[in-house]
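# Just need the structure, nothing else, for what follows:
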Amino acid sequence: MALKLKLDKDAISEILETKKDFLFIGILIVLLLYGGWFLYQKSSISVDDLIQEATSEEENKNAGGNLEKVVVPTDVVDSLLEKRSRVMYNVASSPFGSPQEQLRMREEVENTYNRGVSLFNAGEYESAIQQFDLVVNKLDVTESRIPYPIMPSEYKRRSQREYLKRNFDRMLTSAQNDIQEGDRFAAAKQLLEAEKVYSRSNKTLSDALAADPDGASIGADNLTKVKTLQQGVFQKWQSVQTSLLKSELQKGTNQAQQLLAQNDLIALLKSMLNLNQIQARLNQIDANFNMVPQSERNLLVALITQIQEKLKSGYSDLCLQADQQFQRSITAMDMVESKAAIQVMQMALSINPQDDALQQKISSSIVRRAELVIQKADDFIKQQVDFINQGQYEQFDAKTKIAFLDELVGLRNLGGGAINATLRNQITDRETQLKTKVRKPPELTKDYDFIKVVKRASKYQIQYYDKTSRSRRKVNTLTLSLGEKDRKTLIALKEVDSDGSFVILSKPGYTSAKVDINQAN
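Residues are numbered from 1 along each chain as shown. Down below sits the predicted model:
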């Protein structure tokens, strides 16, 4: 017997009425899934499709008489890029550097922080302050690179408080001595020196107040004493700063007025920048116009405006003078002057940002200067490597090496497209050479601790510890005559002082060590 199903319309209507929200959500989810799948199919492409699209028929027939079909790899890549959004292939570089650099920085932060904690726990508060200060002010300004149990800034404050508690008398004496020295400089009209020591005293006292604001460590009476001294030295520092600024203001305005009557627009531009800096410092130190009246500042503003107008009217001459300065400096191979000339061009461009010709000149000048820096870096590298190979370590020029590294890093990081990939690679190569080739060998005392040297007839007995040996506290002895080299250690007696007070010991790969004769080193 066959069964007949009968739909209950009322029941179905009731179910639809009560479950309509769920049904709506379900249908919406299905539509979204279908739409996503459809978009994926539109944007996706199989390998076979890629090959098919990138296949071209050669005109030459093969041995069978048919047209030859060839897959061009570059066409495959181009086809793939067209199928996919180019945004997928644009990876923004992190402002914090590469992953490797970020890892290195995190490790450096963590190591510095841990050293600070160890020093704090050991009661070495002054050294701990230096470590935490390095983290807070240089390595991790936002204090977010690693998960700190206690923030380094808080550890620094605690270290300062404990140091203050232990060394309050010494801190107070140091601050008072600085104040007295500043007073002597101020009385002698040596304002720069006075400003320096007043500033140092103010920082010492301000740090003490920040470390112990309620006097819990040093006591209420001492807290009052510190506050009084800090307020007094701050007023003296502010007064000296104002006097210096007034002097600079007078000197700067006189110079600018003289230049306005001349046609040296580069000097006039630099003069204007100097006046801008003076104006900014005045606003910072004397915001209420208590020391430098408004009338004097109005004259300053009017002078700056006058200079700006002359620079605008003489814009073409300014650009010409900057270019001439650059050409002279390049001919003279002067890196300093050529950099200054480019900076003038860039400041001139701020007057007329639409000057495409000047922008192109700036770009080409940057390239020419970069080539000059590379050439001079090559000469310096060769010179220093020769000194090192010949053992003339006294000729090692660490200061110039750092200056070249700063120049190269600045050029490598230069934006605007002036430095192309080829030039950037050359710059990076010179950086690497400076870091790896131009390196002064370590001191001989890095791996050897010389105890004493005793003269025995025509020879010298040398006692030392070998820090690289497992038995590093074992006393070793060499007996050498002048010019002789030990076969095992390769340590040589290079020189003996004419008065017999010291010897010079040397070894390949190390700088020489001076050791007193018959005296513990």
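# Flag the shaky bits of the stretch 1-150 of the chain, pLDDT-wise.
Scanning the stretch 1-150 of the chain for pLDDT under 70 picks out 1-98.
# quick one: the strands in the stretch 401-521 of the chain?
448-456, 459-466, 476-480, 492-496, 502-506, 513-516 (DSSP state E, counting those that start in this stretch).
# A377 is nearest to which of those strands?
Between A377 and the strands of the stretch 401-521 of the chain, the tightest spacing by C-beta to C-beta is seen for strand 502-506, at 29.6 Å. In short, each C-beta sits where N, CA and C put it, glycine included.
# Quick one: the strands of the stretch 401-521 of the chain as TSV, columns for mean neighbour count, distance to G123 and mean pLDDT too.
Below are those laid out as TSV (neighbours: other C-beta atoms under 10 Å; distance: least, C-beta to C-beta, whole Å; pLDDT from 0 to 100):
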stretch	mean neighbour count	distance to G123	mean pLDDT
strand 448-456	16	28	89
strand 459-466	18	29	91
strand 476-480	16	36	93
strand 492-496	18	44	92
strand 502-506	20	38	92
strand 513-516	18	34	89
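# Which of the ones you listed sits closest to T331?
Of the strands of the stretch 401-521 of the chain, nearest to T331 by C-beta to C-beta is strand 502-506, at 43.8 Å.
# And that closest one, what does it pack against?
Under the contact criterion of 3 or more C-beta pairs under 8 Å, 6 or more residues apart in numbering; DSSP states H and E, strand 502-506 touches strand 448-456, strand 459-466, strand 492-496, strand 513-516.
# between those strands, which gets nearest to L245?
strand 513-516 (48.8 Å).
# Relative to the whole chain's centre, how far out is the closest one?
Here strand 513-516 shows a centroid-to-chain-centroid distance of 37 Å under the convention C-alpha atoms, centre = their mean, to the nearest Å.
# Same question for stretch 124-131.
Worked out by C-alpha atoms, centre = their mean, stretch 124-131 lies 23 Å from the chain centre.
# What lies in contact with it?
112-113, 115-117, 119-120, 155-156, 159-160, 162-163, 166-167 (C-beta atoms under 8 Å, 6 or more residues apart in numbering).
# and which of those is nearest Q321?
T112 (48.3 Å).
# So that closest one sits against L139, correct?
Yes - with contacts counted by C-beta atoms under 8 Å, T112 reaches L139, the gap being 6.1 Å.
# quick one on the thing from earlier: same list (the strands of the stretch 401-521 of the chain) but as TSV, adding distance to N274.
Converted to TSV, the strands of the stretch 401-521 of the chain look like this (distance: least, C-beta to C-beta, whole Å):
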stretch	distance to N274
strand 448-456	54
strand 459-466	57
strand 476-480	62
strand 492-496	52
strand 502-506	51
strand 513-516	48
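# Relative to V336, tell me which of those wins on proximity.
Using C-beta to C-beta, the strands of the stretch 401-521 of the chain put strand 513-516 closest to V336, at 36.7 Å.
# who does that closest one touch, helix- and strand-wise?
Looks like strand 513-516 contacts strand 448-456, strand 502-506 (3+ C-beta pairs under 8 Å, 6+ apart).
# of all those, which lies closest to Q375?
Using C-beta to C-beta, the helices and strands packed on strand 513-516 put strand 502-506 closest to Q375, at 34.3 Å.
# contact partners of that closest one?
Outside strand 502-506, the residues touching it (C-beta under 8 Å, 6+ apart) are 391, 444, 450, 453, 460, 462, 491-497, 512-517.
# Parallel or antiparallel, which strands does it pair with?
Note on strand 502-506: by DSSP bridges, its sheet partners are strand 492-496 (antiparallel), strand 513-516 (antiparallel).
# Out of the ones you listed, flag the one nearest Q306.
The minimum distance between Q306 and those falls on strand 513-516, with 62.3 Å, by C-beta to C-beta.
# Residues touching the closest one, excluding its own?
443-445, 448, 450, 452-453, 462, 501-506, 521.
# quick one on the thing from earlier: figure out which of the strands of the stretch 401-521 of the chain is closest to K310.
Evaluated over the strands of the stretch 401-521 of the chain, closeness to K310 peaks at strand 513-516, with 61.1 Å, by C-beta to C-beta.
# Alpha carbons only: can I get the closest one in CSV?
Backbone C-alpha positions of strand 513-516 (Å, rounded to 0.1, in the frame of the first residue of the first chain) are rendered in CSV as follows:
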residue,chain,number,x,y,z
ALA,A,513,102.5,46.0,24.3
LYS,A,514,104.7,48.2,26.5
VAL,A,515,105.8,46.4,29.7
ASP,A,516,107.8,47.9,32.5
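# from the contacts of stretch 124-131, which ones fall inside helices?
The members of the contacts of stretch 124-131 that map onto helices under DSSP state H are 112-113, 115-117, 119-120, 155-156, 159-160, 162-163, 166-167.
# Now restrict those to buried residues only.
Buried by 16 or more other C-beta atoms under 10 Å: 112-113, 115-117, 119-120, 155-156, 159-160, 162-163, out of those.
# Tell me which of the strands of the stretch 401-521 of the chain approaches S144 most closely.
Closest approach to S144 among the strands of the stretch 401-521 of the chain is made by strand 448-456 (42.3 Å; C-beta to C-beta).
# and the closest residue to D178 other than its chain neighbours, what are its phi and psi?
Among residues not flanking D178 along the chain, S201 sits closest, at 3.6 Å (C-beta to C-beta, 6 or more residues apart in numbering). Phi and psi for S201, reported as degrees, to the nearest 10, are phi -60, psi -40.
# Could I get the contacting residues of S201?
S201 neighbours (C-beta under 8 Å, 6+ apart): 174-176, 178-179, 182, 229, 233.
# Closest one to A341 out of the residues you listed, please.
Nearest to A341 out of the contacts of S201 is G182 (C-beta to C-beta; 40.5 Å).
# which residues touch the closest one?
G182 makes contacts with 194, 197-198, 201, 233, 236-237, 240, as judged by C-beta under 8 Å, 6+ apart.
# Please repeat the previous calculation with a cut-off of 6 Å.
194, 197-198 (C-beta atoms under 6 Å, 6 or more residues apart in numbering).
# which of the residues in the strand or helix carrying it are buried?
Under the criterion of DSSP states H and E, G182 resides in helix 152-187. Using 16+ other C-beta under 10 Å as the burial criterion, the residues of helix 152-187 that qualify are 152, 155-164, 168, 171-172, 175, 178-179, 181-182, 185-186.
# Among the strands paired with strand 502-506, which comes closest to L134?
Going by C-beta to C-beta, the one of the strands paired with strand 502-506 nearest L134 is strand 513-516, 30.6 Å.
# So for V454, what's the nearest residue that isn't a sequence neighbour?
Excluding its sequence neighbours, the residue lying closest to V454 (C-beta to C-beta, 6+ apart) is Q461, at 4.7 Å.
# That concludes my questions; thank you for your assistance.
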